[in-house]
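K.L.:
quick check, what structure comes out for this input:
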Amino acid sequence: MYAFEAKTGNVRWKLKASGPSTSFAEMDHAVVFGTREDEWIAVAANSGKVNWKFSEAGPDAQCEIRTAPVTDGETVNLVAHDGTLFALNGAGRKIWSQQPSSPVTTSLFMHKDVLYFGAADGHIYGLDPATGRPLNNLATPAIPKGRFAWGSRGGVETEYVFGIEKKDGQSRGALLKFSDEFDRLLWTQPAEREWTSEQPHVWKDWVIAGSCKGDIVAYGTSDGKQAWSEHVKGCIRSFGHDDSTLFIGVQEGTVYAYRPPRPQSFQRGE
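P.N.:
As a prediction, this is how the structure comes out:
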């Protein structure tokens with residue numbers, strides 16, 4: 001794990017962890033992450049000093065990288081490799097733990113003081129992050145997977161997640177949109193294969209998905225209808241953007257910069 005000076009790019013500090021790490025959560029001037037050894041570590045952001053370590057489960061025989069922890073500034077919530085949900089305080093001490101009734105299939109998502117996750121039973125659950133008390137749940141037409149995404153337009157907030165639909169022994173992909181705080185499902189858009197980009201990418205009036213075949217599809221955020229599509233070489237893992245350009249990262253190591261087609265009225269100079 002490395003920390004760099006923002007202005008110069010020089011290494012400020014580095015730390016050798018027990019295995020590949022998750023993404024980071026920031027809390028009280030520290031970064032918190034987990035490793036495939038199911039060790040969870042809080043490191044002071046300015047110095048690299050280890051503030052605390054937490055481990056309750058043993059090493060993962062499957063050697064899978066853990067889902068990233070999340071925080072609301074008061075608690076750190078995480079999922080161990082055996083599926084147990086934990087809440088830790090700022091000192092890394094356990095507040096509560098519980099085994100969900102169905103395995104967690106998404107990253108954890110902290111939104112408006114509620115801890116959300118998708119499960120293998122085709123539901124999205126919301127918990128109180130401080131106590132683990134169930135707050136709500138919503139049935140979905142596909143098994144949620146990957147990371148949640150959030151968008152806002154005209155003061156209206158919405159959430160998105162990919163899903164997997166299983167039918168006749170076959171798996172298909174899906175993209176789901178929800179009203180704020182997962183109150184209800186607004187639309188779902190099926191796909192021939194599972195999406196492999198880490199999360200739905202919300203940009204302009206679109207929500208964008210990528211596959212391991214190099215397919216990129218943009219759907220209108222309002223109605224879920226396909227707006228445009230493109231193809232690149234490689235297995236798509238991530239997207240980024242600035243005002244005019246979409247950046248596409250593929251597993252094979254290439255980064256593409258792409259400018260989507262303009263509306264027909266623009267092309268005619270109207």
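
K.L.:
point out where the stretch 101-250 of the chain drops to low pLDDT.
P.N.:
Scanning the stretch 101-250 of the chain for pLDDT under 70 picks out no residues.

K.L.:
who does residue 144 form a beta bridge with?
P.N.:
Per DSSP bridges, the residues bridged to residue 144 are residue 163.

K.L.:
and it, how far from residue 125?
P.N.:
Between residue 144 and residue 125 the computed distance is 10 Å (CB to CB, to the nearest Å). Just so you know, the C-beta spots here come from the backbone N, C-alpha and C atoms, and that holds for glycine as well.

K.L.:
cool, and residue 114?
P.N.:
Distance of residue 114 to residue 125, computed by CB to CB: 10 Å.

K.L.:
from the structure, what's the count of residues near residue 203?
P.N.:
Residues near residue 203, counting by other CB atoms under 10 Å, number 17.

K.L.:
typed the wrong thing, it's residue 33
P.N.:
As a burial measure, residue 33 scores 21 neighbours (other CB under 10 Å).

K.L.:
check contacts around it.
P.N.:
1, 17, 21, 22, 23, 24, 25, 40, 41, 43, 68, 69 (CB atoms under 8 Å, 6 or more residues apart in numbering).

K.L.:
partner residues bridging it?
P.N.:
residue 41.

K.L.:
same check on residue 52?
P.N.:
residue 42.

K.L.:
hang on, isn't it packed against residue 42?
P.N.:
Yes. Using CB atoms under 8 Å, residue 52 makes contact with residue 42 at a distance of 5.0 Å.

K.L.:
shared neighbours of those two, anything?
P.N.:
Residues touching both residue 52 and residue 42 (CB under 8 Å, 6+ apart) are residue 92.

K.L.:
comparing the two, which residue is more hemmed in?
P.N.:
residue 42 (24 against 16).

K.L.:
any idea how far that one is from residue 164?
P.N.:
Separation of residue 42 from residue 164 (CB to CB): 33 Å.

K.L.:
do residue 37 as well
P.N.:
On the measure of CB to CB, residue 37 and residue 164 end up 28 Å apart.

K.L.:
show me where the chain has helices.
P.N.:
Per DSSP state H, the chain carries helices over the ranges 264-267.

K.L.:
now do the contacts for the nearest residue to residue 150 once chain neighbours are set aside.
P.N.:
The shortest distance from residue 150 to any non-neighbouring residue, by CB to CB, 6 or more residues apart in numbering, is to residue 159 (5.6 Å). Contact analysis of residue 159 by CB under 8 Å, 6+ apart lists 109, 111, 148, 149, 150, 151, 177, 178, 180, 181, 182.

K.L.:
quick check: the fifth one touching residue 111?
P.N.:
Yes. Judged on CB under 8 Å, residue 150 makes contact with residue 111 at a distance of 6.9 Å.

K.L.:
which of these two has more neighbours?
P.N.:
residue 111 (17 against 14).

K.L.:
show me what contacts that one?
P.N.:
So residue 111 contacts 148, 150, 159, 181 (CB under 8 Å, 6+ apart).

K.L.:
the same query, at a cut-off of 10 Å, please.
P.N.:
Applying CB atoms under 10 Å, 6 or more residues apart in numbering to residue 111 gives the contacts 70, 72, 126, 148, 150, 157, 159, 180, 181, 182.

K.L.:
repeat for residue 68
P.N.:
Listed by CB under 10 Å, 6+ apart, the contact set of residue 68 reads 21-25, 32-34, 78-79, 107-108, 147.

K.L.:
at 6 Å instead, please
P.N.:
For residue 68, the contacting residues are 22, 23, by CB atoms under 6 Å, 6 or more residues apart in numbering.
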